[in-house]
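Trainee: how does the following fold in three dimensions:
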Amino acid sequence: MRFQGHFTLNKQLTPALHEFLNKLNQSRRMGRFCDNEIYGFQGEFYVDDAAVPILNTNTPPITQPSLYCCWKPTEDGLGIEWDRNENFYEFTEWLNYIVNKILIPNDYSLTGDVDWVGDDPYEGGVLCVDNNFITLETFGKEDYSPACGLDMRLDYVYIDKSVLTKKIKTVNKKFLDLECKYDKLVRVIEQYLSPSMVKKVLAEVDEKQIV
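Mentor: Numbers count the residues shown, from 1 in each chain. Down below sits the predicted model:
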């Protein structure tokens, strides 16, 4: 799994909450015998180094989706981003956990779109958050009928938007040969990019070179 982009918070994280989210990201999530009132159920909020009895080293607290959370706070404390660990498959569940268990109780709101691509480059989508409301858009191989004869794989789109732009600019003759007009190109881009990225990419494409 790979991701591009980050989510934006409505205000900067406090130093304590920033540190907690970093430790949540860095620690192996294991169920523990500890005070639920202090550390949550099965120690879900436990991120310290002190020795606390562990229920099972290979089982997270039942409130958490996996042993590792690969979302972390941005360095400036104004957002949430991927930590670049590619073995991250419970990304939606973990984001939902962070929003509902940590951000909302502390009066934070999260917004933004993050593009993702799976181990198969033809599988991916967009993870969207609007004022803490999370939706997941997915694309699979069945969505990839070659548009205008172009081989526009997800790894062009979701990993490096500049590559996509270069790809479009280098296939102008192909578009012309197929009599593809600019509005068709727009529809192609919209099929592969989150709405927030469409304007950015189109702004980099010279319309006169395409039509």
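Trainee: what about Q12, which helix or strand?
Mentor: Under DSSP states H and E, no helix or strand contains Q12.
Trainee: tell me the contacts of it?
Mentor: Residues near Q12 by CB atoms under 8 Å, 6 or more residues apart in numbering: D76, G77, L78. C-beta here means a position set from N, CA and C on the backbone, and glycine is covered the same way.
Trainee: at 6 Å what do you get?
Mentor: Residues in contact with Q12, defined by CB atoms under 6 Å, 6 or more residues apart in numbering, are G77, L78.
Trainee: okay, strands next: where are they in this structure?
Mentor: In the chain, the strands defined using DSSP state E lie at 2-4, 6-9, 31-32, 54-56, 71-73, 79-82, 110-117, 124-130, 133-139.
Trainee: let's have the ones you listed in a markdown table, adding distance to G40, mean pLDDT and mean neighbour count.
Mentor: Converted to a markdown table, the strands of the chain look like this (distance: least, CB to CB, whole Å; pLDDT from 0 to 100; neighbours: other CB atoms under 10 Å):
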| stretch | distance to G40 | mean pLDDT | mean neighbour count |
| --- | --- | --- | --- |
| strand 2-4 | 27 | 89 | 19 |
| strand 6-9 | 22 | 97 | 19 |
| strand 31-32 | 10 | 93 | 20 |
| strand 54-56 | 14 | 92 | 14 |
| strand 71-73 | 18 | 98 | 22 |
| strand 79-82 | 20 | 97 | 20 |
| strand 110-117 | 20 | 92 | 21 |
| strand 124-130 | 23 | 89 | 20 |
| strand 133-139 | 21 | 85 | 14 |
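Trainee: columns distance to Y89 on top of those, output as CSV?
Mentor: Shown next, in CSV, are these (distance: least, CB to CB, whole Å):
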stretch, distance to Y89
strand 2-4, 12
strand 6-9, 18
strand 31-32, 20
strand 54-56, 20
strand 71-73, 13
strand 79-82, 13
strand 110-117, 11
strand 124-130, 13
strand 133-139, 13
